[in-house]
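next comes the sequence, and after it the predicted model I'd like to discuss.
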Amino acid sequence: MALETNDRGHLILEIPRVQYRICAVLLGLAALLCAAWAAGFADDAGLAHWFPIAALVFCATGAIGFGWWSVYGMPLEFDADRQCLVRGRRVIAGFADVDHVEIMQKRARNFIYYRVSLRPTRSRRIVFGTGRSEIDASVMAAKIATAVDKPVRVVIR
């Protein structure tokens with residue numbers, strides 16, 4: 001995920017709208033398949049009848065949720081004027097409550113990946129992105145650390 005600057009000069013992290021739309025379309029198609037599957041069990045009243053209906057509800061709910069986020073989802077904004085991280089009008093964390101910006105290096109069997117997150121002192125971490133490039137993770141962490149005026153720490157696991 002790339003950090004950008006909005007028209008007010010604040011750092012923002014856009015949501016992946018295209019990926020959410022793709023997920024919404026795929027879950028919508030899965031919901032249609034589940035509806036056709038459930039229609040095949042119209043005569044049956046056993047347990048086999050409830051599974052396709054539950055799958056239909058799950059897929060339809062997921063498709064609606066991803067569709068909503070792809071249209072109405074708000075980016076995370078580092079509001080320098082109010083000294084807080086906001087999404088729309090909702091305050092996620094104040095800059096004063098942030099302890100540090102963290103780059104977590106995680107090793108898997110065949111590759112290494114990096115996760116950039118913000119560590120508030122009293123709540124759970126806020127993850128901004130995961131990738132395989134150490135340079136991209138370092139640049140993102142440096143921009144975030146500059147915006148919130150906190151240090152960057154590297155954790156190796």
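Looks like it arrived, so ask away.

from here on, contacts and neighbour counts on C-alpha atoms
Noted.

state the number of residues packed around Asp7.
6 (other C-alpha atoms under 10 Å).

and it, helix, strand or coil?
Under DSSP: H, G, I helix; E, B strand; the rest coil, Asp7 falls in the coil class.

now it: how far from Asp79?
To Asp79, Asp7 is 12 Å away according to C-alpha to C-alpha, to the nearest Å.

ok, and for the longest helix along the chain, which residues are buried?
What stands out as the longest helix in the chain, according to DSSP state H, is helix 47-72. Using 16 or more other C-alpha atoms under 10 Å as the test for burial, helix 47-72 gives 49, 52-53, 55-56, 59-63, 66-67, 69-70.

looking at those, which is nearest Val86?
Trp69 (16.3 Å; C-alpha to C-alpha).

with adjacent residues omitted, what lies nearest to the closest one?
Tyr20 (6.9 Å; C-alpha to C-alpha, 6 or more residues apart in numbering).

what sits against that neighbour?
Neighbouring residues of Tyr20 by C-alpha atoms under 8 Å, 6 or more residues apart in numbering: 66-67, 69-70.

can I get those in JSON lines including distance to Ala31 and pLDDT?
Formatted as JSON lines, the contacts of Tyr20 follow (distance: C-alpha to C-alpha, whole Å; pLDDT from 0 to 100):
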{"residue": "Phe66", "distance to Ala31": "13", "pLDDT": "94"}
{"residue": "Gly67", "distance to Ala31": "14", "pLDDT": "93"}
{"residue": "Trp69", "distance to Ala31": "18", "pLDDT": "89"}
{"residue": "Ser70", "distance to Ala31": "18", "pLDDT": "89"}
